[in-house]
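Asker: no sequence for this one, just the structure:
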Ligand SMILES: O=C1C[C@@](O)(C(=O)O)C[C@@H](O)[C@@H]1O
């Protein structure tokens, strides 16, 4: 069975490349997912992608992944700073995860400094722009392909 990664993007990340380009850049989510797929193909790892603007839909997707996936990479968007529900879902799914942010949340408004997820994450990547996705996928796919 090939190892598998679930890449989740939360609320408003469907607008990546369009929304506040001075903060998030001009690369679209589709571009990010295409690149991630090609990285995973090269390393023989399966990639599933999911984006939703709805907290409950993300919770449902994590429950579905429980026991069927090896690692989650998640940009939770604004849910990072608000959601006990998402924290519980990640812990309930019993999946290791990387928390990822395109922007450096610590250099932004105070309310973005708090994360409900970071202390449970394997790693947190922020401020690398969309390159952060490439780094996360490379790290996880290599780790999984080595342990396959
Ligand atoms: O929606 C987002 C995107 C974000 O997660 C990022 O990728 O930098 C940072 C969050 O604070 C914000 O709400």
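Answerer: Nice, I can see it. Predicted model, so just to flag it, every value in this text is computed and none were measured.

Asker: which parts of the chain are helices?
Answerer: For the chain, helices defined by DSSP state H occupy the ranges 21-24, 29-43, 55-65, 84-93, 131-146.

Asker: hmm, stretch 54-68 touching the ligand?
Answerer: No - no part of stretch 54-68 sits near the ligand under the criterion CB under 6 Å from any ligand atom; the closest distance found is 12.9 Å. To be clear about C-beta, it is placed using only N, CA and C from the backbone, and glycine gets the same treatment.

Asker: next one: that stretch to chain centre, how far?
Answerer: Centroid separation between stretch 54-68 and its chain, computed with CA atoms, centre = their mean, to the nearest Å, is 13 Å.

Asker: in that stretch, what's buried?
Answerer: For stretch 54-68, burial by neighbour count (16 or more other CB atoms under 10 Å) applies to 55, 58, 59, 61, 62, 65.

Asker: mind putting these into CSV with pLDDT?
Answerer: Below are these laid out as CSV (pLDDT from 0 to 100):
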residue, pLDDT
55, 98
58, 98
59, 98
61, 98
62, 98
65, 98
